[in-house]
Each structure stands twice: as C-alpha cells, then as structure tokens.
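Novice: okay, sequence plus prediction incoming.
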Amino acid sequence: MTPVGAVATIGRLCRITRVTWLSELLEPGRMVSTAIQVGSQVFLTACLWTALYAHTEVSAGLQEHQAVGYAVLAVLASRLRPLSRDMAPDSFYRHMREGTILYWFLRPLPPHRYHLVRALGDQAHGLLWVLAGYGLCTTAGVVPLPDGRWTLPAFLVSMFLGQVIVYQLSLILDLLCFWTVANSNALHVSHFVQSLLSGAFAPLWFFPGWFTTANSFLPFQSTLHIPLSIYVGRIPVNRVPREVAVQAVWCLLLWLITRTLWKRAESRVAVQGG
Amino acid sequence: MNSKSVPVIAERLTKTFRVAHRSAGFMGGVRAIFRPTWEYKPVVRGVSLSVQPGELVALLGPNGAGKSTTIKMLTGIVAPTTGSVRLCGLDPHRNREENARNIGAVFGQRSQLWWDLPARDSLVMLRDIFEVPAGEYRERLRQFDDMLELSRFWDTRVRHLSLGQRVRCDLAAALLHDPAVLFLDEPTIGMDVLVKEQVREFLRHQVAEDGKAVLLTTHDMKEVEHLAERIILINDGEEMFEGGVAALRSRFGATWKVHVTLSDAVGHPRLAHARIVAREGARVTFGPRPEASAPLGHALKEIINAYPVSDVSTEEDSLEDIMRTYLGGAAAARQSASGGSRMAAR
C-alpha cells in the first residue's frame, strides 16, 4: 500500500468511528444522563475516600490525595470501556441473535477490523468524557497533577496498554456469542469481576496479600490498577518498565487468543439459520 | 463462456451441518451437556446453478428447502461441504473481501443499516466501508432517490422507518457500490402493494438497464411471475426444476380452462388437445386431454378453428396454484416413503 493509500484508508476508518459520535449526539437525553452519572459517581467516590482518611494519613501505602486520586480516576477511566449498545440492535449479541452479523461478512472491511474500529469510536467518545472530568477534577483539586517529569508519559503508555487489554477482554466476551449466541450472563459476571480485580471498585493496595498475588496472574490489574498506581506515584518510575512489559505480554497473549477465536468464529457463522 | 463473464456459477453444491442431538426431557438436556451426540444433517444436496448478467433468477422452495443456505454459500458466508462456487471468477469463501465488492445482499427483515442513525448517515458509512468515490456516491444516490423516493425519509433514524421505507434504504445500501451480483432473500416480505410495485420496478431497472445478475428467493409467486426469467426450484436440498415459468407450468401439471359461447349449434368434433368438461346451453367449457397435456395456446387455436365461437375467455393456474400442488404432492410423497428410499420428484 502506498503512503497516500494508507492515509486514505486511515481516514476512511476514522470516519467509520463516527457511528458512536453521531448516535450519541442524536440522543441528548443519553448525554445528560451520562453527565449526571459520571458527576455523581465522582462526587460520591471523592466524599467516601476523603471520609475514610479522616482519622489516618497513610493507609495501604497510599496518602489521602493518592487514594482519592486513584479512586476518582478509576471512575473516570471506566467510561473508556466500549459502550453498551444493548438497547439498540448494535451489540454483538443482538447482531448474532438477529442474524445481521451476516452483513459483517459481506463487506470489504473484515469483521475483526470493523469490530476494532467501532470499539475505537466508543473509546474515543469515552475519552472525551474522561478529559472533561479530569479537567474539572484537577481544577477542583480532587485529583492531583502527576508528580515528576516521567510520571505522565509513563502513565499514558501504561493506560494505553491497559485499554488494549480492556478491548481484547471485551472482544473475547463478544466472540463467545458465536458459540453460545447469548453472552449477557458472561457480561454481567465479567463486569463485576473486571471492576473488582482491576481496581475500579477500590485500589488494589487495600486487598490482602493472597488476593493481590493471585490477581497478579490475571490480566485485570493491568487495565487500571497499574496505570493509576503509576499516576498517583504508588508505583515508582523505576518500576514502570517491568510493569509495562507485563502489560505488553498480556496484550500479545490476548491478541493471540482473540485472533484464534476470530478464525474459529468465522467458520461458525452458519449457526444463524433461515 | 468463461467463469468471469458469468457472474454466478455453482456446481454440485452440498452442505452438511453437524448438529447436536438432544433427547427430550431434563435428563436428555443433562446428557447433551456431558455426552453430546452429533448427527450430520445434509441441507443442500448437489445444487447447480448459474446467473447471467442482466438476468433475474428466482430460487424457490418451501421453508427449510435449503434456499438460504445456498445463498450463504454463494455469497461466501458459508463454505460448501463439496462442490464449487465462482462469483465473478472468484471463490467467494476464500476471497471474502474482494468478493464483497462484487456482491450486494438484502436479507429480508434483517437490515444492515445502523439503527440509531438517520438512513442517509448509514449510507455514508457504507460509502466509506466500500470506498465508493464521492462523485459516484452522489450520482447513485440521486438515481436511487428518483426510483425509490428515499429523500422523503432518509433523514429519519432507521429505528423510526416503516418496513417498506427501511427495505428501500437497504436496497440502496446493497447497490451503493455498484455490485455485479445482487442477492435478495425475501426482499418484499410484509410490504404493501404500492411499495412492492415500486421495489419490483426498481429491480427490473437494475436487471434490464444496469445488467445486474440477481438471485431472488421469495414465497411471493406474483413477484416471481412479474420479475423472474428463470426459476430454480429446490426441495429438501435438492434441485427439482430449472427453467422458465411456462416450462414449470407444463412440468408440474398446470391446467387451464377455455370458456366459449357458441354462435351456432354444431356437433362435437374430436380435438387433439382439448376436451369438453362442462356444457350449459351455448356455453361450453374445455379442458386439457388427460392423456396429452397441451399448452393453452395450441388448444385455443384448435377450439376456434373447430367451433363457431362468438365469445371466448381463458383461465390458467397461477404460479401459486402450481407451487401449492407441487409442494402438497412432495409432502405426501415424503410421508408415504416412510423411512424407505426417498421419492425423487425429479
């Protein structure tokens, strides 16, 4: 592919990511409810963690500003997950159940790339909420600014890898539909497990040793706990290369799994009858 | 004629699915989880077909006959178990992405449009996915709008469109990249007569003026009579018939009646192709001779030559009557076969 062709292709793929934006802009009610939801979650989380530190200065190695910053950023970062489109027949499950997944296989854009492009649109849309929330929270002093020259770049690299892992985990759940048709139960379980084990509910530094040891063999802490700990300075910059390497290994491993699943799934489109 | 000049060629296609066998009841369900038994179910058995440019072929058959699976094999969604498919010279399953540029498809009630977006935004998305140049996109959209009146509702979100409006947008979506082959699986199901006629006219235009090769599956026999030059009838995965509507009538025992009013009393000369089936005064009704089923045209000519006719009208079985008779016969044949060798209607 020539450089001009590559630029044209990237431009085309970027335009396809607009589906999320266009859909959301046509639903002002949904945007207002998201704003209320994010605002109230951030406020309550900040109140809760401030209250927990009322009689202590350091707990689980975190000072108050670190714990509040970690917890609030976790709330904001959870907006980066691919959107739930269950209400519209645009979730993977609905495409499988209603057979419209067939059209994904009749386009010159392969299904795995289309899925990725749509997720990028979702995550870019979520990023806008995160940036808006981050701006407000840092201005209000709820979230501290990163300390040190290398903290922010290290956090951004780690957060990016974390989001790659989030996407791949959600893709595995979607691909499950090729075998089970429905994935709603798996989604519910996974949402809880992922939130708990990633640190979205509470910083993982507060969990017992056996729990964090077991969790270190799973990919979930790489999605939020590692990047947020880097941001608040709980993981020092000299330990970042090791943590980022672990994240990269998870990305590679999950990529191999999802690639294999896509290949197998493509031969199972026939499950949709009629 | 080589395989590239014929848009669709399928030879001896078969498809067998492996399905889990589940016994009835709770224990059957439990057993199916821990020790599933599999059975192999042939769905398509040796179907061969071709569609030429500028031709609309109807693929007919009862529910479960294997029509949709055949279309899925032709579009490359499903790989055939045996046999071969070439679409514009390509193996559609092995060359899915390239093949996608040659085909368009509308699967009845299933829409490829984005539910939350206005229909026109959906078409823009498909323009980007299929890499249609902006000028061509505008020109095609104008053509489709002229014929399907899309601009009356294309700014409405897809979720708010009526069925007829939505299918018209889906047709535009399927043809936006100007494919050589169009697959239509029950495209007019549930539409009112006016929209149906509009869609039929649009399809006629696509075939006659733009030279598209169209393969249509439908249960609407009027649609077949209006649109199809050729019919392929499949049942139980097997091809039962291929030919024109007239040949189908003759093959599956379509009957006719000729009602005449005689101007003079005459005797009753024996005719080679027709016999009297009812008589009331000067009104005489003729039907085909059971031993020699002749086309209506031959019989009519013979009757007019042999009798002094002052008035004449004809009555012919519709395609729907023929299909009903054929499918009823096929079902009875299956029942009577009762586990023995299958009765082949062919």
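Specialist: Nice, I can see it.
Novice: could you pull out the strands for the stretch 1-150 of chain A?
Specialist: Using DSSP state E, counting those that start in this stretch, the strands of the stretch 1-150 of chain A run over residues A:58-59, A:62-63.
Novice: pLDDT wise, what is the closest residue in space to B:Ala247 that isn't next to it in sequence at?
Specialist: Leaving out its chain neighbours, the residue that sits closest to B:Ala247 by C-beta to C-beta, 6 or more residues apart in numbering or on different chains is B:Phe241, at 7.9 Å. Where you see a C-beta, it was placed from the backbone N, CA and C, and this is true even at glycine. Listed pLDDT for B:Phe241 reads 89.
Novice: so what's B:Phe241 up against?
Specialist: B:Phe241 makes contact with B:Ile231, B:Ile232, B:Leu233, B:Ala247, B:Leu248, B:Arg251, B:Phe252, B:Arg346 under the criterion C-beta atoms under 8 Å, 6 or more residues apart in numbering or on different chains.
Novice: make sure it is indeed in a helix.
Specialist: No: counting by DSSP: H, G, I helix; E, B strand; the rest coil, B:Phe241 is not part of a helix but strand.
Novice: partner residues bridging it?
Specialist: Note on B:Phe241: beta-bridge partners by DSSP bridges are B:Leu233.
Novice: redo the contacts of B:Phe241 as a markdown table? Include distance to A:Ala35, neighbour count and secondary structure.
Specialist: Formatted as a markdown table, the contacts of B:Phe241 follow (distance: C-beta to C-beta, whole Å; neighbours: other C-beta atoms under 10 Å in any protein chain shown; DSSP: H, G, I helix; E, B strand; the rest coil):
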| residue | distance to A:Ala35 | neighbour count | secondary structure |
| --- | --- | --- | --- |
| B:Ile231 | 58 | 22 | strand |
| B:Ile232 | 57 | 24 | strand |
| B:Leu233 | 59 | 25 | strand |
| B:Ala247 | 67 | 13 | helix |
| B:Leu248 | 63 | 22 | helix |
| B:Arg251 | 68 | 16 | helix |
| B:Phe252 | 66 | 20 | coil |
| B:Arg346 | 67 | 8 | coil |
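Novice: wait, which of these is closest to A:Pro110?
Specialist: Nearest to A:Pro110 among the contacts of B:Phe241, counting by C-beta to C-beta, is B:Ile232 at 31.1 Å.
Novice: any idea how far the residue of the stretch 101-250 of chain A found nearest chain B is from B:Val132?
Specialist: Nearest residue of the stretch 101-250 of chain A to chain B: A:Tyr103, at 3.9 Å (C-beta to the nearest C-beta). According to C-beta to C-beta, to the nearest Å, A:Tyr103 and B:Val132 sit 16 Å apart.
Novice: for the two, indicate the residue with more neighbours.
Specialist: A:Tyr103 (24 against 19; other C-beta atoms under 10 Å in any protein chain shown).
Novice: I'd say that one and B:Trp114 touch.
Specialist: No: the criterion here is C-beta atoms under 8 Å, and A:Tyr103 misses it with B:Trp114 at 10.9 Å.
Novice: nearest the geometric middle of chain A, what residue?
Specialist: A:Arg81 (3.7 Å; C-alpha atoms, centre = their mean).
Novice: interface residues of the stretch 51-200 of chain B facing chain A?
Specialist: Applying C-beta under 8 Å from any C-beta of the partner chain, we find that the stretch 51-200 of chain B lies next to chain A at B:68-69, B:72, B:75-79, B:96-98, B:100-101, B:103, B:105, B:107, B:110-112, B:114-118, B:121, B:124-125, B:128-131, B:157, B:159.
Novice: buried subset of those?
Specialist: Using 16 or more other C-beta atoms under 10 Å in any protein chain shown as the burial test, those include B:68-69, B:72, B:75-79, B:96, B:100-101, B:103, B:105, B:107, B:110-112, B:114-118, B:121, B:124-125, B:128-130, B:157 as buried.
Novice: out of these, which sit inside helices?
Specialist: Those of those mapping onto helices are B:Ser68, B:Thr69, B:Lys72, B:Thr75, B:Arg96, B:Ala100, B:Asp121, B:Val124, B:Met125, B:Asp128, B:Ile129, per DSSP state H.
Novice: would a markdown table of these with pLDDT be doable?
Specialist: As requested, these are exported to a markdown table (pLDDT from 0 to 100):
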| residue | pLDDT |
| --- | --- |
| B:Ser68 | 87 |
| B:Thr69 | 90 |
| B:Lys72 | 91 |
| B:Thr75 | 93 |
| B:Arg96 | 90 |
| B:Ala100 | 95 |
| B:Asp121 | 95 |
| B:Val124 | 95 |
| B:Met125 | 95 |
| B:Asp128 | 93 |
| B:Ile129 | 94 |
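Novice: identify each buried residue in stretch A:214-231, please.
Specialist: For stretch A:214-231, burial by neighbour count (16+ other C-beta under 10 Å) applies to A:215, A:219-231.
Novice: how about these in a markdown table, adding pLDDT and secondary structure?
Specialist: What follows is these, written out as a markdown table (pLDDT from 0 to 100; DSSP: H, G, I helix; E, B strand; the rest coil):
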| residue | pLDDT | secondary structure |
| --- | --- | --- |
| A:Asn215 | 95 | helix |
| A:Pro219 | 97 | coil |
| A:Phe220 | 96 | helix |
| A:Gln221 | 96 | helix |
| A:Ser222 | 96 | helix |
| A:Thr223 | 96 | coil |
| A:Leu224 | 96 | coil |
| A:His225 | 97 | helix |
| A:Ile226 | 97 | helix |
| A:Pro227 | 97 | helix |
| A:Leu228 | 97 | helix |
| A:Ser229 | 97 | helix |
| A:Ile230 | 97 | helix |
| A:Tyr231 | 97 | helix |
